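Engineer: what would the 3D arrangement of this be:
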Amino acid sequence: MTNPDNTIISTSTGTRIPTANAILESSEPLYLHPAESSHPIVVDTKLSGIDNYYEWKRQMEIEISIKRKLGMLTGVVKKPTNDPLREAAWTTCNSQLIAWMLHNMEPQIKRSVMYSNTAKEIWDYLQRQFSVSNGARKFRLNKKLYDLEQGDKSICEYFT
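Structural biologist: Residues are numbered from 1 along each chain as shown. Below you'll find the model as predicted:
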(Lines give C-alpha, C1' and ligand atoms only; values in the text may rest on other atoms or scores of the structure.)
Protein backbone atom coordinates (compact mmCIF):
# COMPACT_ATOMS: atom_id res chain seq x y z
CA MET A 1 0.00 0.00 0.00
CA THR A 2 1.56 3.32 -1.10
CA ASN A 3 1.20 6.48 0.96
CA PRO A 4 1.48 10.16 -0.03
CA ASP A 5 4.90 10.30 1.64
CA ASN A 6 6.29 7.85 -0.96
CA THR A 7 6.52 4.89 1.37
CA ILE A 8 5.04 1.45 1.22
CA ILE A 9 3.64 -0.07 4.39
CA SER A 10 4.73 -3.68 4.65
CA THR A 11 1.70 -5.92 5.20
CA SER A 12 3.70 -8.43 7.22
CA THR A 13 5.59 -6.08 9.56
CA GLY A 14 3.65 -2.82 9.35
CA THR A 15 6.89 -0.87 8.78
CA ARG A 16 7.30 1.91 6.23
CA ILE A 17 9.60 1.14 3.30
CA PRO A 18 10.65 4.06 1.06
CA THR A 19 9.77 3.77 -2.63
CA ALA A 20 12.15 4.82 -5.38
CA ASN A 21 10.35 8.17 -5.79
CA ALA A 22 10.96 8.96 -2.11
CA ILE A 23 14.64 9.61 -2.84
CA LEU A 24 14.17 11.41 -6.16
CA GLU A 25 13.45 15.04 -6.92
CA SER A 26 10.76 15.58 -9.54
CA SER A 27 13.36 17.18 -11.85
CA GLU A 28 15.53 14.05 -11.96
CA PRO A 29 15.35 11.85 -15.07
CA LEU A 30 14.51 8.74 -13.04
CA TYR A 31 11.53 10.38 -11.34
CA LEU A 32 8.28 8.99 -12.70
CA HIS A 33 5.17 10.97 -11.90
CA PRO A 34 2.30 8.68 -10.81
CA ALA A 35 0.12 9.90 -13.68
CA GLU A 36 2.72 8.99 -16.32
CA SER A 37 2.22 5.26 -15.96
CA SER A 38 -1.46 5.43 -16.81
CA HIS A 39 -1.12 7.76 -19.82
CA PRO A 40 0.84 6.45 -22.80
CA ILE A 41 2.72 8.78 -25.09
CA VAL A 42 0.79 8.96 -28.34
CA VAL A 43 2.38 10.33 -31.49
CA ASP A 44 0.66 11.04 -34.81
CA THR A 45 2.50 8.28 -36.64
CA LYS A 46 2.87 4.65 -35.61
CA LEU A 47 6.21 3.27 -36.73
CA SER A 48 5.59 1.08 -39.75
CA GLY A 49 9.07 0.84 -41.25
CA ILE A 50 11.68 2.73 -43.17
CA ASP A 51 9.08 5.00 -44.81
CA ASN A 52 8.12 6.81 -41.62
CA TYR A 53 11.02 6.05 -39.25
CA TYR A 54 12.51 9.56 -39.16
CA GLU A 55 9.13 11.21 -38.62
CA TRP A 56 8.28 8.72 -35.83
CA LYS A 57 11.71 9.07 -34.24
CA ARG A 58 11.50 12.85 -34.10
CA GLN A 59 8.01 12.79 -32.60
CA MET A 60 9.13 10.26 -29.97
CA GLU A 61 12.25 12.29 -29.15
CA ILE A 62 10.11 15.35 -28.50
CA GLU A 63 7.58 13.50 -26.34
CA ILE A 64 10.21 11.57 -24.36
CA SER A 65 12.27 14.73 -23.90
CA ILE A 66 9.21 16.45 -22.39
CA LYS A 67 9.12 13.61 -19.85
CA ARG A 68 12.87 14.10 -19.15
CA LYS A 69 13.67 10.54 -20.16
CA LEU A 70 15.62 11.06 -23.42
CA GLY A 71 18.91 10.47 -21.60
CA MET A 72 17.93 6.86 -21.04
CA LEU A 73 17.63 6.31 -24.80
CA THR A 74 20.88 8.08 -25.62
CA GLY A 75 22.80 6.29 -22.86
CA VAL A 76 23.50 9.42 -20.80
CA VAL A 77 21.40 8.07 -17.91
CA LYS A 78 22.88 4.68 -17.05
CA LYS A 79 21.49 2.02 -14.73
CA PRO A 80 22.80 2.66 -11.21
CA THR A 81 24.41 -0.40 -9.68
CA ASN A 82 25.29 0.69 -6.15
CA ASP A 83 21.91 2.01 -4.98
CA PRO A 84 18.96 -0.42 -4.93
CA LEU A 85 16.31 2.32 -4.81
CA ARG A 86 17.78 4.21 -7.77
CA GLU A 87 18.21 0.92 -9.62
CA ALA A 88 14.52 0.20 -9.03
CA ALA A 89 13.61 3.68 -10.29
CA TRP A 90 15.75 3.13 -13.42
CA THR A 91 14.08 -0.24 -14.05
CA THR A 92 10.63 1.31 -13.72
CA CYS A 93 11.51 4.17 -16.09
CA ASN A 94 13.05 1.72 -18.57
CA SER A 95 9.86 -0.36 -18.57
CA GLN A 96 7.77 2.79 -19.02
CA LEU A 97 9.89 3.88 -22.01
CA ILE A 98 9.53 0.45 -23.60
CA ALA A 99 5.75 0.60 -23.12
CA TRP A 100 5.60 4.09 -24.67
CA MET A 101 7.61 2.99 -27.70
CA LEU A 102 5.68 -0.26 -28.21
CA HIS A 103 2.40 1.66 -28.01
CA ASN A 104 3.50 3.69 -31.05
CA MET A 105 4.58 0.83 -33.33
CA GLU A 106 2.75 -1.30 -35.84
CA PRO A 107 2.32 -4.92 -34.63
CA GLN A 108 4.97 -6.45 -36.92
CA ILE A 109 7.66 -4.08 -35.61
CA LYS A 110 6.45 -4.38 -32.03
CA ARG A 111 6.85 -8.18 -32.20
CA SER A 112 10.46 -7.83 -33.35
CA VAL A 113 11.57 -5.70 -30.38
CA MET A 114 9.27 -6.44 -27.46
CA TYR A 115 11.63 -8.91 -25.79
CA SER A 116 14.54 -6.48 -25.64
CA ASN A 117 15.80 -5.78 -22.12
CA THR A 118 16.20 -2.02 -22.35
CA ALA A 119 14.60 0.90 -24.13
CA LYS A 120 18.07 1.89 -25.38
CA GLU A 121 18.47 -1.53 -27.04
CA ILE A 122 15.17 -0.99 -28.88
CA TRP A 123 16.10 2.59 -29.83
CA ASP A 124 19.51 1.52 -31.17
CA TYR A 125 18.06 -1.48 -33.01
CA LEU A 126 15.46 0.67 -34.76
CA GLN A 127 18.17 3.17 -35.72
CA ARG A 128 20.28 0.40 -37.28
CA GLN A 129 17.27 -1.21 -38.94
CA PHE A 130 15.55 1.80 -40.47
CA SER A 131 18.11 4.55 -40.95
CA VAL A 132 19.91 2.75 -43.75
CA SER A 133 20.14 5.07 -46.68
CA ASN A 134 19.87 3.87 -50.22
CA GLY A 135 23.01 5.23 -51.89
CA ALA A 136 21.94 4.38 -55.45
CA ARG A 137 18.53 6.03 -55.02
CA LYS A 138 20.13 9.10 -53.46
CA PHE A 139 22.51 9.37 -56.42
CA ARG A 140 19.64 9.11 -58.95
CA LEU A 141 17.61 11.78 -57.13
CA ASN A 142 20.60 14.13 -56.93
CA LYS A 143 21.29 13.56 -60.64
CA LYS A 144 17.64 14.29 -61.53
CA LEU A 145 17.75 17.43 -59.42
CA TYR A 146 20.98 18.54 -61.09
CA ASP A 147 19.51 17.87 -64.55
CA LEU A 148 16.30 19.83 -63.94
CA GLU A 149 15.85 22.86 -66.16
CA GLN A 150 13.55 25.88 -66.28
CA GLY A 151 13.16 26.70 -69.93
CA ASP A 152 16.64 26.64 -71.41
CA LYS A 153 18.34 27.40 -68.07
CA SER A 154 19.38 25.02 -65.32
CA ILE A 155 17.68 25.43 -61.95
CA CYS A 156 20.84 27.04 -60.56
CA GLU A 157 20.99 29.56 -63.39
CA TYR A 158 17.28 30.26 -63.18
CA PHE A 159 17.33 31.11 -59.46
CA THR A 160 20.51 33.18 -59.62
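Engineer: now do the longest helix seen in the chain: which elements does it pack against?
Structural biologist: Counting residues, the longest helix in the chain under DSSP state H turns out to be helix 84-103. If you count contacts as 3 or more C-beta pairs under 8 Å, 6 or more residues apart in numbering; DSSP states H and E, helix 84-103 packs onto helix 53-66, helix 70-74, helix 107-113, helix 119-130. Where C-beta positions appear, they are placed from N, C-alpha and C, glycine not excepted.
Engineer: what is the rounded mean pLDDT of that helix?
Structural biologist: Averaging pLDDT along helix 84-103 yields 91.
Engineer: next one: stretch 110-126
Structural biologist: Here the average pLDDT along stretch 110-126 is 96.
Engineer: which non-adjacent residue is nearest residue 64?
Structural biologist: Excluding the flanking residues, the one nearest residue 64 by C-beta to C-beta, 6 or more residues apart in numbering is residue 70, at 5.0 Å.
Engineer: what number of residues lie near that neighbour?
Structural biologist: 19 (other C-beta atoms under 10 Å).
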